[in-house]
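1. Sharing a model that was predicted from the sequence below.
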Amino acid sequence: MDKSAIRNAATVILQRSTPDGPAILVGQRGAKAAFMPNKFVFPGGAVDPADGNIPLGSALPAPCDSRLREDGSVDPNALATAAIRELWEETGLILGTPAAWPDAPEDWHAFAAHGMRPHAAHLRFFFRAITPPGRPRRFDARFFLIDADHISGDLDDFSAASDELSHLHWVPLADVLTLDLPFITEVVLAEVARHPDPSQAPQTVPFFKNTDEESLFLRLNGAPLED
């Protein structure tokens, strides 16, 4: 694999309502991780080639689908599948719709064993950012906001999670900036704070487009990024 190549990726911002206000799910990357070691991040990762072949139990909402296609060539359904898969692998939480899946691929057997198929209808495409040049890994990351009410099962049960993220926990949105976060995560959280309803797609999607030639701040399907 060419480590300098920009890989398509999907990231999940899972937002939960609590009596004290909204909370966000984060975990900590390992100290030896090549990309963002020790940082607290949202669940997410690179799109796998097989993600485009997974049958979704529901489609992405139309505004999100069209914005994902803007200035990009990757299949929106592959991005949605990657988001659901990474959420499942890294946290053990399921975004699915009840349905039998007898021919699920091996990597999805544990997911399908819960009587679920991946469910994209409640994903909200919220943010996009390309890692700047010079980093050990570069990703074209699409951030999806999800209302935790749509997650199946216990929101505090991470027993099925992989070991990729440690210290998985819900942090009040008002307190999350006290953690050791990547810069782009701080920017995304500022957008989340300005967008109180996770069930609604934003009017426009911010796009930090960092290429080898220039860095641009754009909004997909809308006006230039506001100050």
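-> Right, received. Where do you want to start?
2. Specify the helix with the largest residue count in this protein.
-> As far as residue count goes, and with DSSP state H defining each element, the longest helix of the chain is helix 76-91.
3. Quick check: neighbours of the lengthiest strand in the chain in the sheet, parallel or antiparallel?
-> In the chain, with assignment by DSSP state E, the single longest strand is strand 6-18. Paired neighbours of strand 6-18 in the sheet (DSSP bridges): strand 21-29 (antiparallel), strand 44-46 (antiparallel), strand 138-147 (parallel).
4. And for the last one, what's in contact with it?
-> To tie it back to what came earlier, the one meant is strand 138-147. Contact with strand 138-147 is made by 4-15, 42, 44, 46, 68, 72, 74, 79-80, 83, 87, 95, 122-132, 188, 192, 195, 198-199, as judged by CB atoms under 8 Å, 6 or more residues apart in numbering. C-beta: built from backbone N, CA, C; applies to glycine.
5. Report the secondary structure state of Asp163.
-> Local secondary structure at Asp163 is given as coil here, using DSSP: H, G, I helix; E, B strand; the rest coil.
6. Now for it, how many residues are close by?
-> 7 (other CB atoms under 10 Å).
7. all strands of this structure, in order?
-> For the chain, applying DSSP E gives strands covering 6-18, 21-29, 40-41, 44-46, 96-98, 116-118, 124-130, 138-147, 165-172, 205-210, 215-220.
8. winner for burial among the strands paired with strand 6-18?
-> strand 138-147 (a mean of 24; mean count of other CB atoms under 10 Å).
9. So what's the gap between the longest strand of the chain and the chain middle?
-> 2 Å (CA atoms, centre = their mean, to the nearest Å).
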